[in-house]
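K.L.:
sequence first, then the predicted structure:
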Amino acid sequence: MSAELSTILKLEVPIIVQLAERRMTVGEVLALVPGSIVELPKTADEELELMVNNRIIGTGVAVKIGENFGIEIRSVGTPGERVAALGPATAAPEQSGGSEEVDFEALAAAMLEGQL
């Protein structure tokens with residue numbers, strides 16, 4: 001493994017576990033106060049989305065770990081799909097049908113050069 005790729009693999013990226021999403025009018029948002037309840041269009045037993053760079057890379061269920069929450073991964077994309085989620089250097093899986101081969105060396109070089 002090249003030194004550049006090794007460096008890339010050590011980078012920390014934020015992940016998001018998305019519970020649900022819904023649209024609200026500006027008026028509804030402005031009416032929110034402490035104690036307001038926003039109903040989400042998802043049942044309690046549905047899987048959560050695991051995201052990187054606002055792209056879904058997997059799904060899982062919420063678990064409690066001591067006093068914290070966690071996610072138990074139930075499905076995860078291929079390594080190529082997960083790398084594609086990191087930036088625009090490769091097509092996102094939904095754009096490529098998930099079959100495009102990812103050039104990890106080129107991706108690493110682009111990230112080190114600040115192109116991503």
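P.N.:
Right, received. Where do you want to start? Numbering: from 1, shown residues only.
K.L.:
tell me where the protein has helices.
P.N.:
Using DSSP state H, the helices found in the chain span residues 3-9, 26-30, 79-84, 93-96, 104-112.
K.L.:
which of those has the lowest mean pLDDT?
P.N.:
Note on the helices of the chain: helix 93-96 shows the lowest mean pLDDT, a mean of 43.
K.L.:
and the most centrally placed residue in the chain, what does it touch?
P.N.:
In the chain, the residue lying closest to the centroid (Cα atoms, centre = their mean) is Met51, at 1.2 Å. Contact analysis of Met51 by Cβ atoms under 8 Å, 6 or more residues apart in numbering lists 15-18, 57, 85. Where you see a C-beta, it was placed from the backbone N, CA and C, and this is true even at glycine.
K.L.:
now do the top strand by length along the chain: which elements does it pack against?
P.N.:
When the chain is parsed with DSSP state E, its longest strand is strand 55-65. Under the contact definition 3 or more Cβ pairs under 8 Å, 6 or more residues apart in numbering; DSSP states H and E, strand 55-65 sits against strand 48-52, strand 68-76, helix 79-84.
K.L.:
of those, give the one that comes closest to Gly35.
P.N.:
Nearest of the helices and strands packed on strand 55-65 to Gly35, taken as Cβ to Cβ: strand 68-76 at 21.7 Å.
K.L.:
give the buried residues for that closest one.
P.N.:
By 16 or more other Cβ atoms under 10 Å, the buried positions in strand 68-76 come out as Ile71.
K.L.:
thank you, goodbye.
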